[in-house]
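Colleague: with the input below, show me the fold.
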Amino acid sequence: MRKRRYPGNRMLALALWLAGAGAWAAPPTVDLQDDPQMASCRSAASGMVLSGTVAFTSNGGDVYLYETAFDAVAWSGSVRRRPVLFDAHGQASAGAADWDAGVLLQQADPATRRIFTMDAEGGMPRTIPFEWTSLPATQQAWLDRNAEGVADGLGEQRVRYLRGDRSLELDRPGGIFRRRQLVLGDIVHGKPVLAAGPVAWPAAPGAEADAMAGGTQPPVVFAGANDGMLHAFDGDNGSELFAYVPRALFPFLAGLTDPGQPHRAYVDGSMTLAVAQFGNAWRRVLVAGMRGGAQGVFALDVSEPAHFGRTGALWEFTDADDAAMGNVIGAPAVGRFRIVRDGRPSYRYFAVVAGGVDSQVDDGRRDASGAPALFLLALDKPTAEQWQAGVNYFRFVLPAGAAGMPNGLAEPALVEDDDGMVAAVYAGDLQGNLWRFDFGGASPWPDALGGAAPKPVFIAADESGRRQPITQKPAVVFAPGGRVVLFGTGKLLEGADLDARHFQTQSFYGVLDVPGQRGSTPTRRALAARTLLANTDGTMRIRGDTFRYGADRAGWYVDFIDSATTGERSVTHADVEGGAVLFYTVTPSVYACRPASSRFYRLDALYGLTPPDTVYAGLTTSEDATRMPDVVPPAFVRAGPPDVFGRRILRRTAAWQEDGAMGDGGRPAPAGIDNAGIAGRLSWREIVDWNEARLTDGVSR
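Modeller: Coordinates of the predicted model:
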C-alpha cells in the first residue's frame, strides 16, 4: 500500500529526539497522515466510531446531541441527531438517532447539491459552484489527471464523482473509480460546531446599548469530512444545506477517485463559529483548519446557510501566502483587537490561528526553520485585497526550539479585558513551552512577545527534565495576583505516539502568570506537587500541601499514575465549571484492536485539590476516548430554602456525554455533576482579594 512520506529520515529524527542528540539540519516532521485513529484495526470489520459531539437545547426545551463518526475501513462518515432524555433525578441518557445525514446524502441528487469552491485566478477571488464548467483552467487541470499526475481527460467525471455520482465506481458496469460505502467522507478530527438560536452581537467598546439581537435561525450543523468538503446540515431534518471545497485541496482531490490510494486527510481540522463586525454589518463566520489536508485555514460567511452562494467564502490563507503557516492542528479562535486605523484607535476582528506543525516541509513553499508562529488574520479583508503582512495579517514567530525535536504551536486561548478586547493569547508548543502573547496595546503590537528574545511563561518537563509536549488549548482563570493557566501534556498526532517505547510521564498543570511581567521562566520546581493515589475499588484520591500564590508557589502540578508505562496523557482541552477544572485523559490500548480508555478528573482550578478524597469513580473504555465530552445543558436548577443571611443555594445538574461506540445500542453514559450557585439576598462580606473573587467559570475563550 502506498503511503505519503515526508522528506528526511523520520526514524533518525526520532532517535535523535529520544537520545537528546545534537544539531539536526531540519526539524523532524509530524506525520499527520499516519493517523493513530485511522491506523488501528484497518483490517477489522467496518463500523462507525464516534468522533465528536455537540449539545443543543431547542426553544421547546428539548435537548439533542449531534454526533459525528467515521469508519476507518470504508472511509465513510456519519452525522446523527439523538435526543437526550432525563429521568426524574436529572440523569441523562441518549435515545435512538432521529436521522443520519450520511444516509440521507445517499438519496440526494448529485446534480442539484449546492457545492461551492473559490476561484482565485486573476487576483479577484470569488465563490463559484463546484461544477466542471464553472471551474477555472488551473482547477480543471488538477482534476484532469490521475493520482500519479498524468493527464487522463477524466476531470469532468471526477467532479461528478465528488458531487456524489456513483455511476463510475468499480462495482458498476464500466466503473473505474474508488468504490464508496457512503458518499459522505469520514469525519475524524473535525469536531462538529452548531449554529442555532438567537445571535447576540457584542457591544461596541464603551457603548453597551449598541448590543442587539441578530435574530434567530434553525439549527445548522457544520462538519468537515475527508471527502474534501466542509458540510452544513439542517439540524432539524439532516438535509445538506451546502458544502464547500477549499481551493487549497485541489492538487489532492483526484486521489479520492483512485482505488489504490491509501487514506488521506482533507478537511480534517477543527473549526470555530463566531460573530464579527464588517464595517457596519454583523456577520456569522466559520474559520476552519485542514490539519493534514493542507497547510492553512479558510473562512466562510455562514450568516445565511440556506443562501451560501450569495454570502460565500471570505478567504483562504495558506503557506503560499506565508511560508511559516503549517498544518493547523487546533481550532482557530476569533477575537476583537485594538488597532490603529488612519492614525486613530479602533478595533477589528481577527482569526487567531496557531501555525501548527511541519511548516518546514517542502511542498512548494517552506519555512526552513520550522519555528512555531501565531497568526492574526483580518476577517474583513476585502476579497480583492492581497494578503499583506502588517496590514491585513500579523505574524508572531517564536524560537525554533531544541534541535532534533519536532515543534509546532497548538490551539490558542484568548483572554479579554473589560472592554471585550483581546488582552492576551496563551498557547503551548510540542516542546513543552507555554507562551503568552500580549495584545493590551494597539497594532502592530511590537512587544507582544516581550522583546527580541522571547521567554516562555513556563516549561513543562517531567522529573528527569524530559520535555512534555503541549497539544491542547489551555484554560485560563483569574487568580490571586494574576491568572492561572491550566493545561495537560501529551501528544497523539501520529502513529508513533501509540508506541509504548515512546511513552513518558505526562502531567496536568496550573501555572500562575502575572500580566505585564516577564521574569525568569519557572519549571515544575516552582510549583506545588499533588500526588494521585489509587484506592482498592478503582477510584482515586489526591494529596498535596496547601500554599499561597506568590509567597510560596507559582501554581501546582500532578503526574498521571504510571503514565510512563500506561501511556496516559491529556490531549483534549479542559473546561472550567464552578471553580473546578474538568478534563479527560486517554490511555491507548497495548493491543492493536482494543479500544482506548479514558479517565475523568475534577480538581480545584486554583489549587489542584478536591474537597472529597475521591477524584474519579471508574475507568471508561470506548472506541474513541480522545475527545473532551460536551457539557449537556442542565436539566434542573433548584433553589433550596434561605439561610440566616437570606441566601438560597442553587443546585445545578449538568452531564458529560462520554464518547462511546456509535450505534443505537451504544452506551452514551453521561455522568451527572452538581454545581452550587447562590440566589436571593446576599449579606455584605469583605473581599480580601478582588481577583480571587472573580474566579467563576474561567475567562479564556
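Colleague: going forward, measure contacts and count neighbours with C-alpha atoms only.
Modeller: Noted.
Colleague: my guess is Ile187 contacts Ala69. True?
Modeller: Yes: counting by Cα atoms under 8 Å, Ile187 does reach Ala69; the two are 5.7 Å apart.
Colleague: comparing the two, which shows the higher neighbour count?
Modeller: With neighbours defined as other Cα atoms under 10 Å, Ile187 and Ala69 compare such that Ile187 has more, 32 against 29.
Colleague: surely Val49 meets Val73?
Modeller: No: the pair Val49 / Val73 is not scored as a contact, 10.9 Å apart, by Cα under 8 Å.
Colleague: part of a strand, is Met405?
Modeller: No: under DSSP: H, G, I helix; E, B strand; the rest coil, Met405 sits outside any strand and is assigned coil.
Colleague: let's have the chain start at 48 instead
Modeller: With the count now opening at 48, the last piece we talked about shows up as Met452.
Colleague: let me know how buried it is, in neighbour terms.
Modeller: 24.
Colleague: quick check: the gap between it and Ser617.
Modeller: Distance, Met452 to Ser617, using Cα to Cα, to the nearest Å: 20 Å.
Colleague: spatially nearest residue to Ser490, not counting backbone neighbours?
Modeller: Excluding its sequence neighbours, the residue lying closest to Ser490 (Cα to Cα, 6 or more residues apart in numbering) is Ile386, at 4.6 Å.
Colleague: just checking: what are the partner strands of the host helix or strand of that neighbour?
Modeller: Ile386 belongs to strand 380-388 when assigned by DSSP states H and E. Note on strand 380-388: by DSSP bridges, its sheet partners are strand 391-401 (antiparallel).
Colleague: next secondary structure after the partner strand?
Modeller: strand 403-404.
Colleague: continuing past that next one, what's the next helix or strand?
Modeller: strand 420-425.
Colleague: sheet partners, orientation included, of that following strand?
Modeller: Here, using DSSP bridges, strand 420-425 pairs with strand 391-401 (antiparallel), strand 440-444 (antiparallel).
Colleague: and for the very next helix or strand once past the shortest one, what are the contacting residues?
Modeller: Once strand 440-444 ends, the next helix or strand along the chain (criterion: DSSP H and E) is strand 455-456. Residues from elsewhere that reach strand 455-456, judged by Cα atoms under 8 Å, 6 or more residues apart in numbering: 401-405, 417-421, 474-477, 518.
Colleague: need the distance between the two termini of stretch 528-543.
Modeller: By Cα to Cα, the extent of stretch 528-543 from end to end equals 41 Å.
Colleague: check stretch 422-434 too.
Modeller: Distance across stretch 422-434, first residue to last, is 12 Å (Cα to Cα).
Colleague: just stretch 202-221 next, same as before
Modeller: Terminal residues of stretch 202-221 lie 17 Å apart, using Cα to Cα.
Colleague: now stretch 345-353
Modeller: 19 Å.
Colleague: in it, which residues are buried?
Modeller: Judged by neighbour count (16 or more other Cα atoms under 10 Å), stretch 345-353 contains these buried residues: Phe345, Ala346, Leu347, Asp348, Val349, Ser350, Pro352, Ala353.
Colleague: need the contact list for the closest residue to the first one other than its chain neighbours.
Modeller: Sequence neighbours aside, Glu363 is the residue nearest to Phe345 in space, at 4.2 Å (criterion: Cα to Cα, 6+ apart). By Cα under 8 Å, 6+ apart, the residues touching Glu363 are Pro293, Arg294, Ala295, Gly343, Val344, Phe345, Ala346.
Colleague: top of those by neighbour count?
Modeller: Most surrounded of the contacts of Glu363: other Cα under 10 Å gives Val344, at 31 neighbours.
Colleague: and the spatially closest residue to that one that is not a sequence neighbour, what does it touch?
Modeller: The spatial neighbour of Val344 that comes closest, neighbours along the chain excluded (Cα to Cα, 6+ apart), is Gly336 at 4.3 Å. Neighbouring residues of Gly336 by Cα under 8 Å, 6+ apart: 314-318, 343-345, 374-379.
Colleague: run the last query once more with 10 Å
Modeller: By Cα atoms under 10 Å, 6 or more residues apart in numbering, Gly336 lies in contact with 237, 271, 314-319, 342-346, 363-365, 374-379, 400-403.
Colleague: so what pLDDT did the nearest residue to Pro172 once chain neighbours are set aside get?
Modeller: Leaving aside its chain neighbours, Pro172 sits nearest to Asp166 (5.3 Å; criterion: Cα to Cα, 6+ apart). pLDDT for Asp166: 93.
Colleague: how distant is stretch 122-136 from the center of its chain?
Modeller: Distance of stretch 122-136 from its chain centroid, counting by Cα atoms, centre = their mean, to the nearest Å, is 21 Å.
Colleague: how about the CA coordinates for it, as PDB?
Modeller: Output of stretch 122-136 as PDB, limited to C-alpha atoms (Å, rounded to 0.1, in the frame of the first residue of the first chain):
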ATOM      1  CA  TRP A 122     -13.600   5.900   4.700                       C
ATOM      2  CA  SER A 123     -17.200   6.900   5.300                       C
ATOM      3  CA  GLY A 124     -18.800   9.300   7.700                       C
ATOM      4  CA  SER A 125     -21.900  10.000   9.700                       C
ATOM      5  CA  VAL A 126     -23.700  12.900  11.300                       C
ATOM      6  CA  ARG A 127     -26.600  12.000  13.500                       C
ATOM      7  CA  ARG A 128     -29.000  13.700  15.900                       C
ATOM      8  CA  ARG A 129     -30.000  11.900  19.100                       C
ATOM      9  CA  PRO A 130     -32.400  13.200  21.800                       C
ATOM     10  CA  VAL A 131     -31.200  13.500  25.300                       C
ATOM     11  CA  LEU A 132     -33.600  12.000  27.800                       C
ATOM     12  CA  PHE A 133     -33.700  13.000  31.500                       C
ATOM     13  CA  ASP A 134     -35.200  10.900  34.300                       C
ATOM     14  CA  ALA A 135     -36.900  12.200  37.400                       C
ATOM     15  CA  HIS A 136     -33.500  12.700  39.100                       C
END
